[in-house]
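[1] structure, please.
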Amino acid sequence: MTAHRPATAPAPRRAGLLPLALLVLAGACTYVYTARAASAVPVPPPAADITEPAAATTETAVFAGGCFWGVQGVFQHVQGVTNAVSGYAGGAADTATYSQSSTGSSGHAESVKVSYDPRKISYGRLLQIYFSVAHDPTELNRQGPDHGTQYRSTIFPANEAQAKVAASYIAQLNRSNTFGKPLATTIEPGKTFYTAEAYHQDFLTRNPRHPYIMINDLPKIDELKRLFPAEYRAAPALVGATAAR
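    Take a look at the predicted model:
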């Protein structure tokens, strides 16, 4: 891994002519940037969802889909989400650090724990957003410029109901050939989520001019607003704001 240095914003380019290899050395993920793929398209909603009335006003869901900065940023802008925390899941407690997970040998994936009000948004709708705009579920052990098992597409269900809905949805999308090729998304039940270091939290909101955020993640927020206008919220649900309460 390269040493950390301040990032320098790239010079403006015309659409479609972003640099193929811009090295930026700052605090997370792999710093070789490529242009984001063409605009996302909405995937169909899941045929099955969790329909039983929730016993609580807050449920949690954990998703992994590449660098957690962008995944956290997407879900922080979703109506009904009360908190979205960056962290690690899939490995042991003693390797749940950025330095160890970034080796790709810890078993962890950079993940986001989403707390949401099931009366306002369903688990199935969160999955639809996850597959539509949060990441590319056809990529195996990579997302855009980031490579390694720590960037895998994985759902960490909190319970059997979530696991069943996620498995049914993946099968549905594969049957319909929605993405033109099979999904690489895995389901890993029974894994503990560990909160990431403070400097990773709310990174997108705190660093909107960071080159990685500008090229890879802000377009995801734009796609969320375009494809899910009813679910989009302008003011993000920040970890810092939650901690300050």
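[2] and the residue most central in space within the chain, what element?
    Geometric centre of the chain, nearest residue: residue 71, 2.4 Å, by C-alpha atoms, centre = their mean. If you go by DSSP states H and E, residue 71 is part of helix 68-76.
[3] show residues contacting that helix.
    Applying C-beta atoms under 8 Å, 6 or more residues apart in numbering, the contact partners of helix 68-76 are 28-29, 63-65, 81, 84-87, 110-112, 114, 126, 129, 133-135, 196, 200-205, 212-213, 216-217, 220-221, 224, 236-238. Quick note: C-beta positions are derived from backbone N, CA and C, even for glycine.
[4] just the ones of those residues in helices?
    Assigned to helices by DSSP state H, the following of the contacts of helix 68-76 qualify: 126, 129, 203-205, 212, 220-221, 224.
[5] any chance of these in TSV, with distance to residue 149 and pLDDT too?
    As requested, the ones in helices among the contacts of helix 68-76 are exported to TSV (distance: C-beta to C-beta, whole Å; pLDDT from 0 to 100):
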residue	distance to residue 149	pLDDT
126	23	98
129	24	98
203	21	98
204	23	98
205	28	98
212	20	97
220	22	98
221	26	98
224	26	97
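[6] closest to residue 169 out of those residues?
    residue 126 (10.8 Å; C-beta to C-beta).
[7] now do the contacts for residue 43.
    Applying C-beta under 8 Å, 6+ apart, we find residue 43 in contact with 128, 131-132, 173, 178-179.
[8] picking that back up, if we ignore the residues flanking it in sequence, what's nearest the residue nearest to the centre of the chain?
    Closest residue to residue 71 apart from its sequence neighbours, by C-beta to C-beta, 6 or more residues apart in numbering: residue 112 at 4.5 Å.
[9] re earlier: distance to residue 57 and neighbour count added to the ones in helices among the contacts of helix 68-76, as TSV?
    Output for the ones in helices among the contacts of helix 68-76, formatted as TSV (distance: C-beta to C-beta, whole Å; neighbours: other C-beta atoms under 10 Å):
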residue	distance to residue 57	neighbour count
126	16	23
129	20	27
203	28	26
204	26	25
205	25	19
212	35	28
220	27	24
221	26	21
224	23	23
